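Student: this is a predicted model, with the sequence first.
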Amino acid sequence: MSQTPGNHGGRNRIATALWPVLAGLTLAAACQSENPNVLQSVGAYRDRMLAAHQQEVEAGPNNAGAVPQPGTGTAQPSTVRPVSSQSDQPTRQSLLTTPATTTQPAPQEVLAEIPDPMHAADVFERRVQDLVARKQEDRLINSYKKVVAKAHEYLEQMRQPKQVQLSLGECVQRALANSYVIRIEAYNPAVAQAQLVEAQAAFDAVFFLDTAWDNRDSDTASQLAPNQSDTRSIEGGIRKLLPTGMSASTSLRLNRQHLPGFPFQTLNPAYSTTFVATLTQPLLRGFGLDYNRALINVARADQRIAQKRFIQQVRDTLLNVETAYWQLAQARRQVMILAESVAQNYVTYETMKDREDYDATPVGLYNAESRWKSRQVQYQEAVKSVRDAEDQLKNLLNDPELKLSDRVEIIPTETLLVAPVALDHFAEVRAALDQRTEIEQAKLEIEKTRISTMRAKNETLPQLDLSFQYDVQGLKGTADASWDRMATHRFRSYTLRATFSYPIGNRRARSAWLRSRSLEHQALVALNRMTDTIVQEVNGAIRALLVGSANIEPQWKAAWAAERNLRALQARSQRIDPTYLETELSTIEQLANARNTLLQVVTNYNLAVVQLEKAKGTLLEYNNVVVTDEPRRR
């Protein structure tokens, strides 16, 4: 494996290599980092995605869909090139699909509502300072400080003895280097390559050597027939199958025959040396280059399919890694939200106990305790979800430094994306149809079925073979003399033979041909189905991306308003009655739910970005991963 600096915002290119091992019959994939900057953030690449949208906003509403051209001060409409299979089609102006909202809050404002526990101290300090800046009562500020202290106690329950901070790029690198799924799939191209060599070996020349010893002692009805014989022979030669279907062979045979006590044979023992050349050519069934090379072409298609499937597996693995990464980030932030919520419920419960002799009722006290304990259960479930998410990510990375048995807290350091993006819907679909390896696999499957159909059709023909055999013989009393005798070419023989056969009804061959044609039609339908499925995936990913972008701003406002509502309610409390208590507890729950919903919206938005790259078949390029069959440089 080798890595070179990438093109997307300075991120490094991670080259996934296939190289032959185990005498060229197996394959393995791994990663090797030679560049210290390999773990740079994916944020730089995302900035490039936002460039077109930012330029469009700066250009104004009258220039929507236009981007400034280098060296000019004016904005020109961007264009889209057709896919390679439609190179004869003209380019067209981009039809940009923009987010429904253009009033997105600043990313730091959104992320401040859903922080990671790693930043808990700073976040809580800013929230306290915000209360002070809003000139809230000291009673309210001190109450929130109690909430902060209790929240820190809850967050300590999530800590592990060892913490490891991982960026998304580092997770991608570790997965490429260690993933069992990738390493297992990496053997399949080598297996397919070996199968291709096996198919090609059908045309290899074969050396053969036969020897025999025949000793007979039999009763005879005439004195002119020998009753004993001792015959020994050895024959060696080369035979080869030619691409036209012809079988060619040449051999040299030495035969020694001894007839003990038989006076009528002049040469006893007699040595016979014979040179034999044989050609057999099918004229109907089995004739032609296409038929005889069909298995090679099928094996070659299988090899290309194996390579495409390996690329697909790498892409799917990276999708799973990135999904697990963002789900872990979501689970940790959910713990942060619930820690503050359960701490708020605890402080409310403690306040009720302190006022038990003043205005708190048993009904209110039990209600507060019930809400607090219920939130505790939810918090423990959230901590469990973090542990499950960590194990899921570890199981995808298969990194020996992150064993499933180790108590390691994985801390994602990648910043969640909340900025809007601009997309060209048609261009995304075209890119998917041009880049998805599943389409290439489906086309190769069609090619395989067509080859099989051609071969099956040929096998419905009658068997008509033409054979020619040429012999040169020499016979003497010694082996050397018989060789010299043969070399004079005095005794030559020719044999021309035609062989014909045809099954009555020929049902087997015809049924095989019909089956191959059905499989070919099935492969064509499968390609159409795959194409529609990919377009559906791209459409769904684009919709998810646009809806997620549109939902961030209103959901952030909902969380912001819920927090202001809670503080306003707590600020005007004078007497705690059951109605007020129920309102406060519901408002605390409303704030937590609003933040959780905002977290879900932002997480789904980030997952939609990855899903779109996967649907387009460009997830490897998105992560600067290159698959090559070159050996890894050490």
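Tutor: Alright, I've got the coordinates. Numbering: from 1, shown residues only.
Student: and the gap between the residue of the chain positioned farthest from its centre and Pro263?
Tutor: Relative to the mean C-alpha coordinate of the chain, counting by C-alpha atoms, centre = their mean, the farthest residue is Gln223 (82.4 Å). Per C-beta to C-beta, to the nearest Å, Gln223 is found 10 Å from Pro263. From N, CA and C alone the C-beta is placed, and that goes for glycine too.
Student: pretty sure the residue farthest from the centre of the chain sits in a helix.
Tutor: No. Using DSSP: H, G, I helix; E, B strand; the rest coil, the secondary structure at Gln223 is coil, not a helix.
Student: OK, contacts around it?
Tutor: With contacts defined as C-beta atoms under 8 Å, 6 or more residues apart in numbering, Gln223 has no neighbours.
Student: need phi/psi at it.
Tutor: The phi and psi values for Gln223, taken as degrees, to the nearest 10, are phi -70, psi -20.
Student: per-residue confidence at it?
Tutor: pLDDT recorded at Gln223 is 73.
Student: roughly how far does it sit from Phe500?
Tutor: 45 Å.
Student: could you do Gly548 as well?
Tutor: 72 Å.
Student: next: Gly286.
Tutor: 13 Å.
Student: any shared contact partners between those two?
Tutor: Common neighbours of Gly286 and Phe500 (criterion: C-beta under 8 Å, 6+ apart): Gln463.
Student: which one's more surrounded, those two?
Tutor: For Gly286 versus Phe500, neighbours defined as other C-beta atoms under 10 Å are more numerous around Gly286 (20 against 10).
Student: and the closest residue in space to that one that isn't next to it in sequence, what pLDDT?
Tutor: Once flanking residues are discounted, Gly286 sits nearest to Gly245: 4.7 Å by C-beta to C-beta, 6 or more residues apart in numbering. With respect to pLDDT, Gly245 has a value of 94.
Student: residue contacts, Gly245?
Tutor: With C-beta under 8 Å, 6+ apart, Gly245 has these contacts: 281-282, 286-288, 291-292.
Student: does it count as helix, strand or coil?
Tutor: Under three-state DSSP, Gly245 falls in the coil class.
Student: same thing with Leu475?
Tutor: strand.
Student: need the contact list for the spatially closest residue to it that is not a sequence neighbour.
Tutor: In space, and not counting its chain neighbours, Leu475 is closest to Ser272: 4.9 Å by C-beta to C-beta, 6+ apart. For Ser272, the contact set (C-beta under 8 Å, 6+ apart) comprises 253-257, 473-475, 482.
Student: mind giving me CSV with those and columns for pLDDT, distance to Pro107 and neighbour count?
Tutor: Below are those laid out as CSV (pLDDT from 0 to 100; distance: C-beta to C-beta, whole Å; neighbours: other C-beta atoms under 10 Å):
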residue, pLDDT, distance to Pro107, neighbour count
Arg253, 94, 87, 17
Leu254, 94, 90, 18
Asn255, 93, 93, 19
Arg256, 92, 96, 17
Gln257, 90, 98, 19
Gln473, 93, 94, 19
Gly474, 93, 96, 20
Leu475, 92, 99, 17
Ser482, 91, 96, 23
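Student: which one of these is nearest Ser493?
Tutor: Taking C-beta to C-beta as the measure, Ser493 lies nearest Gln473 of those, at 7.2 Å.
Student: from Arg253, how far out is the closest one?
Tutor: 9 Å.
Student: overlap of the contact sets of those two?
Tutor: With C-beta under 8 Å, 6+ apart, Gln473 and Arg253 have common neighbours 272-275.
Student: ok, and what's touching stretch 142-151?
Tutor: Outside stretch 142-151, the residues that touch it by C-beta under 8 Å, 6+ apart are 120, 124, 127-128, 131, 339-340, 342-344, 346-347, 350-351, 570.
Student: can you tell me the helix or strand for Ala331?
Tutor: Following DSSP states H and E, one finds Ala331 within helix 294-354.
Student: where does Glu356 land on pLDDT?
Tutor: So Glu356 comes in at 72 (pLDDT).
Student: and the strands in the stretch 451-600 of the chain, which stretches?
Tutor: 463-476, 491-501 (DSSP state E, counting those that start in this stretch).
Student: the stretch 101-250 of the chain now?
Tutor: 162-166, 206-217, 228-241, 247-258.
Student: turn those strands into a markdown table, including distance to Val429.
Tutor: Output for those, formatted as a markdown table (distance: least, C-beta to C-beta, whole Å):
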| stretch | distance to Val429 |
| --- | --- |
| strand 162-166 | 34 |
| strand 206-217 | 53 |
| strand 228-241 | 48 |
| strand 247-258 | 52 |
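Student: out of these, deepest packed?
Tutor: strand 247-258 (a mean of 17; mean count of other C-beta atoms under 10 Å).
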